[in-house]
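Engineer: predicted model follows, preceded by the sequence.
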Amino acid sequence: MFSSLLSWCRMPFSIKRSLGRTTGGDTKYSEPEEHKCYRVDKAEAITDKYGKQYTSGTQLYVPPDVAIALDTLVVLPDDAKPREIHDLRGYFDGNTGTKSITTIYL
């Protein structure tokens, strides 16, 4: 269903997966993993992972084979600053029930 959008997933970005906590209580993250996405910079009102209203300024459309969790950090190449994921949503194929694409709200 979203095959045309998947073909636009050419922009590089990195993710840093949560590996648990250090003895000091800080979150420990993996080394960056490179992936491709389609980036959209637009304001969109969402309810974030904390249940609060949030305005997302950037959305990343990611192929379904990239495993993403809410505690993952996203690093964009333009500023190299780790960003928190505020929400994740998926679009599913109505015929097969498989995930077609994942949207990350930063």
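Structural biologist: In hand now; what should we look at? Numbers count the residues shown, from 1 in each chain.
Engineer: now the strands for this structure?
Structural biologist: 11-16, 18-21, 27-29, 33-40, 44-47, 53-56, 59-62, 73-75, 82-84, 87-92, 99-105 (DSSP state E).
Engineer: packing partners of the fourth one?
Structural biologist: Okay, so that is strand 33-40. With contacts taken as 3 or more Cβ pairs under 8 Å, 6 or more residues apart in numbering; DSSP states H and E, strand 33-40 sits against strand 11-16, strand 59-62. C-beta coordinates here come from the backbone N, C-alpha and C atoms, glycine included.
Engineer: name the residues that touch it?
Structural biologist: Contacts of strand 33-40 from elsewhere in the structure, counted by Cβ atoms under 8 Å, 6 or more residues apart in numbering, are 5, 8-17, 58-63, 66, 76, 104.
Engineer: mind putting the helices and strands packed on strand 33-40 in CSV, mean pLDDT, mean neighbour count and distance to D87 included?
Structural biologist: Written out in CSV, the entries for the helices and strands packed on strand 33-40 read as follows (pLDDT from 0 to 100; neighbours: other Cβ atoms under 10 Å; distance: least, Cβ to Cβ, whole Å):
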stretch, mean pLDDT, mean neighbour count, distance to D87
strand 11-16, 96, 18, 15
strand 59-62, 96, 22, 9
